[in-house]
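J.: Generate a structure from the sequence data that follows.
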Amino acid sequence: MFNNKILTSTIILTLLTLTITVNIQQTISCSCALPESAITALNKSTVVFSGKAIKVKYIDPQTQDSPEPRIIVTFKVDQVWKGKVGKTFEIQTVFNKWTCRGFFFAEGNEYLVFSYLRKNDPSEYPNFDKKYSNIYDVSLCSGTNLLSQSKSFLEELGKGKSP
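T.: Down below sits the predicted model:
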């Protein structure tokens, strides 16, 4: 009976350790440095704006085969600091889970977005809208964040323009 308790405890501890290790690996897979300042992030971006994610369209199913599904996010824009941005703006990226690419956008949340222009590669993104030769994307390392967590960047940027 004593040996069964030890064996059971050992199995449980081993499973917990494996689970924690896998989750830590996924969490720390992105090792980029966040921008030191909003101005640094602004200078590296093509467009910078704040707005509410009004639609998050999944291009890929959310499965193990597609751990970071491709998404198209439509924003209702509030303020603009850089670039040609209208009242709505669309980015094409991935729903970030552990790499540096994309972001974990959710409908209804407000964001400060630092986006860059990249060439639309149909072989990499066959389901993205092919009418655009270039698309706007984001990175977890670009400075994009929830608006509620961007106070210091917003203070540094000052008041933006209306779209």
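
J.: for the closest residue to residue 31 other than its chain neighbours, what are its contacts?
T.: On the basis of CB to CB, 6 or more residues apart in numbering, the spatially nearest residue to residue 31 that is not a chain neighbour turns out to be residue 100, at 7.7 Å. Heads up, the C-betas are built off the backbone N, CA and C, glycines and all. Counting by CB atoms under 8 Å, 6 or more residues apart in numbering, residue 100 touches 30, 31, 32, 139, 140, 141.

J.: Show the pLDDT at residue 100.
T.: In the predicted model, residue 100 carries a pLDDT score of 72.

J.: Please shift the residue numbers so they start at 3 in all later answers.
T.: Will do, 3 is the new start, and the previous item becomes residue 102.

J.: how far away is it from residue 60?
T.: Relative to residue 60, residue 102 is positioned 20 Å away (criterion: CB to CB, to the nearest Å).

J.: The spatially closest residue to residue 112 that is not a sequence neighbour: neighbouring residues, count only.
T.: Counting by CB to CB, 6+ apart, the nearest residue to residue 112 once its immediate chain neighbours are dropped is residue 149, at 4.0 Å. As a burial measure, the neighbour count of residue 149 was computed by other CB atoms under 10 Å and equals 18.

J.: so what's residue 149 up against?
T.: The neighbourhood of residue 149, defined by CB under 8 Å, 6+ apart, consists of 52, 111, 112, 113, 114, 156.

J.: Can you name the helix or strand that the fourth one falls in?
T.: Using DSSP states H and E, residue 113 falls within strand 112-121.
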